[in-house]
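Chemist: sequence first, then the predicted structure:
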Amino acid sequence: MTDNYDVIIIGAGAAGLMCAMTAGQNGKKVLLLERNKKPGAKILISGGGRCNFTNQDVTPAAYISDNPHFAKSALSRYTPWDFMDLLATHGLSWHEKTLGQLFCDQGAKAILKVLLDECAKVSVTLLTGIDGIKIDKVGQCYRVQSSETSWQTPKLVIASGGVSIPKMGATDFGYRIARQFGLALVEPKPALVPLVFDPATVENMKKLAGVAADSRVNVAERANFPVFRENILFTHRGLSGPAILQISSYWTEGDHIAIDLLPEENSAAMWLRGCRDTAGSSSVKTVLSTKLPDRLADQIADEYPGKIAELSNKTLDRLAERLSEWRLHPTGSEGLAKAEVAKGGVSTADLSSKTMEAVSVPGLYFIGECVDVTGWLGGYNFQWAWASGYAAGIAVASVKWE
């Protein structure tokens, strides 16, 4: 026997839950299917369990896509303030950490409960542990089959996420469905991911493992790309930390990254000359320690023994370049296993930016991370999930059985 639903959504993550809630609130009979045993896996691990659920400074410029304008429509119709209003109606509160990042005071579990409660309120049917799904189109409807049962709907929403963090149950399901129905894909790649380097560079970084430094980071060859100022973190494998994760989404093989370890100084050379004039008897190590973590200052100063007054202008300029434009050549990243998201996905050229519906396949929608829209670190990807889920939820609510 095949059960009929107005809307079937595959994937009970952030986007899928928002879509289900929205469609249900508009009077639709909704089925939400999840491969994992429990819904909202990525919500629960966000921000170490505190959930950086959005960013109050969301703009389309904070998203990477082959079509940089695609996200504008959805983001304008469901804003961070809309999601905050939802949390407030459930008695939840939040705080800003840095750079507009908003964290839930009650934690990630509380946010997941809000979404599940809203879905339950409108009688969304949630089934978990549903694997091996196959999809066929039968006339104007879609038949969704598992190993044990089947369902039918005129509106099918794919919210199965991308391929990052496979240990959380991530698969390429959404991409396979897109291919099945003739939609184009932008090659998925790791984003928001630590970078790795050649063995010699890594050996030096190992000595600094655990050291964090306020920095400004950019892709050296790409003047039109953003510059990020946050911490970098030295690891046993290379570099991580917020600034590195951010720039990793823009870095491509062959590019160098440039790191400014003195982001508060307009000119490292002028600062060093000032130190030479006013603290000439101090060692280079002592001078650098006023701006850098001790271990990092020690490593750099090892190349410049003695007092700062003893540095020639040429040597001082070389040190200034090392501090303000430290150029490194990553050999790669730590891959999808460690990437917070996968950039790329279902091509926006094949989707409506207003409804998230496939242009050439009526009744088929893609939302969330499986779409070629990737946000910055700091709550932007959750906001895309809420916004794209809402856009599709409103769109599918117009469904009428024929």
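Modeler: Looks like it came in fine.

Chemist: and the residue lying closest to Glu221 once chain neighbours are set aside, what are its phi and psi?
Modeler: Leaving aside its sequence neighbours, Glu221 sits nearest to Asp255 (C-beta to C-beta, 6 or more residues apart in numbering; 5.3 Å). Placement of C-beta: from N, CA and C, glycine included. Note on Asp255: backbone dihedrals following degrees, to the nearest 10 are phi -80, psi 150.

Chemist: let the chain start at 39 from now.
Modeler: Got it, first residue is 39 now, which makes that one Asp293.

Chemist: how much space between Asp293 and Leu415?
Modeler: Distance, Asp293 to Leu415, by C-beta to C-beta, to the nearest Å: 19 Å.

Chemist: quick one: pLDDT of the nearest residue to Gly170 once chain neighbours are set aside?
Modeler: Once flanking residues are discounted, Gly170 sits nearest to Ser185: 5.0 Å by C-beta to C-beta, 6+ apart. Per-residue confidence (pLDDT) for Ser185: 84.

Chemist: again with Trp439
Modeler: What the model reports for Trp439 is a pLDDT of 38.

Chemist: list the buried ones in stretch 219-227?
Modeler: Within stretch 219-227, the residues scored as buried using 16 or more other C-beta atoms under 10 Å are Phe219, Leu221, Leu223, Val224, Pro226, Lys227.

Chemist: other residues contacting it?
Modeler: Contact with stretch 219-227 is made by 104, 175, 200-201, 210, 213, 216-217, 374, 380-385, 387-389, 396, 398-399, 402, 404, 410, as judged by C-beta atoms under 8 Å, 6 or more residues apart in numbering.

Chemist: filter those residues to the buried ones?
Modeler: Buried residues within these, counting neighbours by 16+ other C-beta under 10 Å: 200-201, 210, 213, 216, 374, 380-385, 388-389, 396, 399, 402, 404, 410.

Chemist: looking at the residues you listed, which are in helices?
Modeler: Among those, the members found in helices (DSSP state H) are Tyr213, Ala216.

Chemist: what helix or strand does the residue nearest to Gly170 sit in?
Modeler: According to DSSP states H and E, Ser185 maps onto no helix or strand at all.

Chemist: where do the helices sit along this protein?
Modeler: With DSSP H, the ranges of helices along the chain come out as 52-63, 79-83, 110-115, 118-127, 146-159, 211-218, 237-244, 280-286, 306-316, 322-327, 332-339, 351-362, 418-434.

Chemist: closest one to Asp298 among those?
Modeler: Evaluated over the helices of the chain, closeness to Asp298 peaks at helix 351-362, with 5.0 Å, by C-beta to C-beta.

Chemist: off-centre distance for that closest one?
Modeler: Centroid displacement of helix 351-362 relative to its chain, using C-alpha atoms, centre = their mean, to the nearest Å, is 35 Å.

Chemist: before we move on, the earlier item: from the buried residues of stretch 219-227, which single one is nearest Met308?
Modeler: Within the buried residues of stretch 219-227, proximity to Met308 (C-beta to C-beta) peaks at Lys227, which comes in at 39.4 Å.
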